[in-house]
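Peer 1: need a 3D model of the following:
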Amino acid sequence: MGKHRVDPIARWLRPISLAAVMAAGTLPAFGRDLDGRYRESPLHDWFEHLASRKGLCCSFADGYVVRDADWETMEGHYRVRVPKSADSSDAVWVDVPDEAVITEPNRAGHTMVWPLYTYQGVSIRCFMPGSMT
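Peer 2: Predicted coordinates for the structure are as follows:
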């Protein structure tokens, strides 16, 4: 059998391609209002530009309303109960980083959270406290 020669470009392309595929798999999938169901909402543009110090929260379709029983303050910081993973019905309490708290007035009125699911677990990208009434 003859010696197999590997193309030098292919030798460099394989690890780069593998790294790109692995990185893409760990990045969160941010959705938008793809089907346009919230397009006519008076708050649509506000939600589309809503951001914490961690960045854009995406849109209303990505966040969801949190019941009062599923969030609290503890020692001056927020905690919120969210699903353990994107496809789980089990919930866990997660500390909300200060930089994830939205500081502008809550025009929606409800407490909302934008969890971020990665291979490392769940974290909070944005949290908008409500009135807890």
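Peer 1: what sits against Trp71?
Peer 2: Under the criterion of Cβ atoms under 8 Å, 6 or more residues apart in numbering, the neighbours of Trp71 are Tyr78, Arg79, Val80, Arg81, Thr111, Val113, Phe127, Pro129, Met132. All C-beta spots, glycine's among them, are computed from the backbone N, C-alpha and C.
Peer 1: run the last query once more with 6 Å
Peer 2: Trp71 makes contact with Val80, Thr111 under the criterion Cβ atoms under 6 Å, 6 or more residues apart in numbering.
Peer 1: straight-line length of stretch 49-66, end to end?
Peer 2: Its start and end residues considered, stretch 49-66 measures 20 Å (Cα to Cα, to the nearest Å).
Peer 1: model confidence over stretch 69-78, on average?
Peer 2: Mean per-residue pLDDT for stretch 69-78: 93.
Peer 1: now it - C-alpha only, PDB.
Peer 2: Once non-C-alpha atoms are left out, stretch 69-78 reads as follows in PDB (Å, rounded to 0.1, in the frame of the first residue of the first chain):
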ATOM      1  CA  ALA A  69     -44.500  32.600  43.700                       C
ATOM      2  CA  ASP A  70     -41.600  31.900  41.400                       C
ATOM      3  CA  TRP A  71     -39.400  34.900  42.100                       C
ATOM      4  CA  GLU A  72     -38.100  36.600  45.200                       C
ATOM      5  CA  THR A  73     -35.500  38.900  46.700                       C
ATOM      6  CA  MET A  74     -32.900  37.500  49.000                       C
ATOM      7  CA  GLU A  75     -30.200  39.700  50.600                       C
ATOM      8  CA  GLY A  76     -30.800  42.500  48.100                       C
ATOM      9  CA  HIS A  77     -30.600  40.300  45.000                       C
ATOM     10  CA  TYR A  78     -33.300  38.500  42.900                       C
END
